[in-house]
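Participant: build me a structure from this.
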Amino acid sequence: MQGTVDGFSYGLVTPVVAYLMACLGGALGLRCTTRSLLVANTWRVGWLALGSAAIGSGIWTMHFIAMMGFSVDGVPIHYDMATTFASLGVAIVMVGVGVFIVGYKGATGPALFTGGTITGLGVATMHYLGMAGMRLHGAIQYNLFTVVASVVIAMVAATLALWAAVQVRGILWSLGASLVMGLAVSGMHYMAMTGVSVHVQGSVTGNPGGDTAAGIIAPMMIGPLCFLLLAGVVVMFDPMMVMGRPDWRDAQEAADHRSDASGTRTPSRSQSLRVRRPFGRQEPRRAPQDW
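Facilitator: Model prediction:
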């Protein structure tokens, strides 16, 4: 017997909240990735890791908030905790691989293609692994066209997001890019869900195993939500992120590393700002200032 599938059990509440979470994770991840390009290599790993975790957590949270609105008429839906946790780990790790590739290789064609492909496949894997964690009295079936379309959307969205992280400068441009990224990720999710059908098997009154959506997903989202809040605080209190320009100390240190590797020496900011004074003329001493 074919079950009646409803992806909007709570109306527009779950799609809107899910979209906002995808935008939040994307905005924090893009800003962290942008910041990693403006600092020395010693700090780059930390910013890229923070950005990867923010994007992965935002996408995972978006997916399961949207899934809270998914229901099958007369069929209880439960979730397996181990599989659900695994989908979060896959999202963070595979998004991280793509972000690190672009963070170190730059916005070159091969780097964007490789990073975007890996990141997009990570988003799609997270989605379908999360779906595999569903427990219900029935068999979930997928339409091949919608599966392929959702994977392609995820790959294109990931590539554009990585390009934006490297090329876009300024807080307003990053926010705009995160809105587009959130729309693409949410579109991927609902495109995939349009091809879902459920064939109900046997009795639907027993316990299908696992935990209910409210019993497992809501508590599990506390961790990613807290992390996104922490990442937001880190970004918010980094003045150079808000102002949209690099810290010249970090940029100068990175330039020094590059010049040492090439055998030339780039003058420091204090040297570049030094003004020649006429011979024999003595200027009064000033207290040293912290740039």
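Participant: contacts and neighbour counts: CA atoms only from here.
Facilitator: OK.
Participant: quick one: low-confidence residue ranges for the stretch 151-291 of the chain.
Facilitator: 168-170, 202-221, 234-291 (pLDDT under 70).
Participant: where does the residue positioned nearest the centre of the chain sit, in terms of helix or strand?
Facilitator: Taking C-alpha atoms, centre = their mean, the centroid of the chain lies closest to residue 55, which sits 1.4 Å from it. Using DSSP states H and E, residue 55 sits in helix 41-67.
Participant: helices or strands up against that helix?
Facilitator: For helix 41-67, the elements it packs on are helix 13-36, helix 81-105, helix 109-132, helix 171-194, helix 222-236, judged by 3 or more C-alpha pairs under 8 Å, 6 or more residues apart in numbering; DSSP states H and E.
Participant: now with 7 Å, please.
Facilitator: Packing contacts for helix 41-67, counted by 3 or more C-alpha pairs under 7 Å, 6 or more residues apart in numbering; DSSP states H and E, involve helix 13-36, helix 81-105.
Participant: among those helices, which is the most enclosed?
Facilitator: helix 13-36 (a mean of 26; mean count of other C-alpha atoms under 10 Å).
Participant: just confirm residue 199 is within a helix.
Facilitator: No - counting by DSSP: H, G, I helix; E, B strand; the rest coil, residue 199 falls outside a helix, being strand.
Participant: can you give me how far the helix holding residue 55 is from the chain middle?
Facilitator: On the basis of C-alpha atoms, centre = their mean, to the nearest Å, helix 41-67 sits 4 Å off its chain's mean C-alpha point.
Participant: may I see the buried residues of it?
Facilitator: Residues of helix 41-67 classed as buried: 44-45, 47-67 (neighbour count, 16 or more other C-alpha atoms under 10 Å).
Participant: just for the stretch 1-150 of the chain, where's the confidence low?
Facilitator: Applying pLDDT under 70 to the stretch 1-150 of the chain flags residues 1, 39-40.
Participant: quick check: phi and psi at residue 140.
Facilitator: phi -90, psi 130 (degrees, to the nearest 10).
Participant: and for it, the neighbour number?
Facilitator: Using other C-alpha atoms under 10 Å, residue 140 is surrounded by 16 other residues.
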